[in-house]
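Peer 1: would you be able to build a 3D model of this:
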Amino acid sequence: MPKTYIETEITIPNRLGLHARPASRFASLAGEFESDVWLVRDKRAVNGKSILEVLTLACPKGSRLTVRANGSDAPKALSALKALAENGFGEQ
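Peer 2: Residues are numbered from 1 along each chain as shown. Predicted structure coming up:
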């Protein structure tokens with residue numbers, strides 16, 4: 001049976017884009033959830049719980065990304081990750 005994901009869109013507000021500190025915050029928060037979390041840019045999906053994979057997306061300010069999650073706490077994960085992005089990953 002194929003996995004069913006739910007998803008939401010985020011925009012990177014940080015002046016320096018999704019650099020090490022916000023990528024670390026994203027991966028750390030994603031890791032707090034049981035659900036699988038994926039970050040998608042231009043049809044390329046990476047594991048949202050891996051800071052190294054998140055960094056490979058090379059997202060400058062204004063990048064639009066899709067966050068996908070699958071699991072029992074997927075809605076909570078997406079809500080928390082979207083709020084993190086909207087808050088500038090704690091840098092604003």
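
Peer 1: low pLDDT regions in this structure?
Peer 2: 1-2, 92 (pLDDT under 70).

Peer 1: would you tell me which helix is longest in it?
Peer 2: Longest helix in the chain, counting residues (DSSP state H): helix 74-86.

Peer 1: run through who's touching it.
Peer 2: Identification of contacts with helix 74-86 by C-beta atoms under 8 Å, 6 or more residues apart in numbering yields 5-8, 10-13, 25-26, 29-30, 32-33, 35, 37, 48, 67, 69, 71, 90. Heads up, the C-betas are built off the backbone N, CA and C, glycines and all.

Peer 1: now do the strands in this structure.
Peer 2: Here the chain has its strands, by DSSP state E, at 6-11, 36-41, 44-47, 64-70.

Peer 1: want to throw those strands into TSV with mean neighbour count and distance to Ala80?
Peer 2: Compiled in TSV, the strands of the chain are given as follows (neighbours: other C-beta atoms under 10 Å; distance: least, C-beta to C-beta, whole Å):
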stretch	mean neighbour count	distance to Ala80
strand 6-11	14	11
strand 36-41	21	10
strand 44-47	14	17
strand 64-70	18	10
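
Peer 1: reformat those as TSV; add distance to Glu86.
Peer 2: Output for those, formatted as TSV (distance: least, C-beta to C-beta, whole Å):
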stretch	distance to Glu86
strand 6-11	8
strand 36-41	15
strand 44-47	21
strand 64-70	12
